[in-house]
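> could you look at this predicted model? Sequence included:
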Amino acid sequence: MVVDPQDSFNKRLQSARERAGLDRSAETEADADTRSDQNAYGLAMRMGVELVAALAIAVAIGYGLDRVFHTKPWLMIAFMPIGLAAGLRNLIRAMGPGSK
């Protein structure tokens with residue numbers, strides 16, 4: 001009896017993938033829902049961090065310029081909408097086509 005080496009390899013590869021948890025066909029619907037929820041949570045966290053980070057950086061730049069030019073709080077206030085606009089732009093880019 002001749003054993004096809006390719007068939008033997010495919011069987012061993014499939015069993016190794018199942019043991020390692022890499023086999024998507026063995027995934028249950030509950031696992032897929034959990035992974036989807038985790039992806040949504042990660043995306044929401046990313047959006048929040050990007051918005052807050054852009055705003056914080058803009059306020060920090062405004063505060064620094066206020067200290068240099070002794071114009072407290074006008075430049076910090078002027079940079080707040082710039083930071084908000086930059087943060088919203090990042091959100092739009094992250095949610096645009098081609099993002100997952």
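It's in. Since this is a predicted model, take the numbers as computed values, not measurements.

> run through the residues that contact L75.
Taking Cβ atoms under 8 Å, 6 or more residues apart in numbering, we find L75 in contact with 62-63, 65-66, 69. From N, CA and C alone the C-beta is placed, and that goes for glycine too.

> mind doing that once more with 6 Å?
L75 makes contacts with 62, 65-66, as judged by Cβ atoms under 6 Å, 6 or more residues apart in numbering.

> in helices, which of these fall?
Among these, DSSP state H puts 62, 65-66 in helices.

> which of those lies closest to A85?
Closest approach to A85 among the ones in helices among the contacts of L75 (Cβ to Cβ): G62, at 13.5 Å.

> ranges for the helices of this protein?
5-20, 29-69, 74-95.

> pick the most deeply packed of those.
Of all those, helix 74-95 has the most neighbours on average by mean count of other Cβ atoms under 10 Å, namely a mean of 15.

> JSON lines for the contacts of L75, including distance to G96?
Shown next, in JSON lines, are the contacts of L75 (distance: Cβ to Cβ, whole Å):
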{"residue": "G62", "distance to G96": "28"}
{"residue": "L65", "distance to G96": "31"}
{"residue": "D66", "distance to G96": "34"}
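
> can I get the helices of the chain in JSON lines with mean pLDDT?
Listed next are the helices of the chain as JSON lines, based on pLDDT from 0 to 100:
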{"stretch": "helix 5-20", "mean pLDDT": "86"}
{"stretch": "helix 29-69", "mean pLDDT": "90"}
{"stretch": "helix 74-95", "mean pLDDT": "95"}
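
> how far away from the center of its chain is stretch 34-48?
Stretch 34-48 sits 8 Å away from the centroid of its parent chain (Cα atoms, centre = their mean, to the nearest Å).

> ignore what I typed, I meant stretch 43-63.
15 Å.

> hang on, the earlier thing: just the closest of the ones in helices among the contacts of L75 to A20, please.
G62 (50.9 Å).
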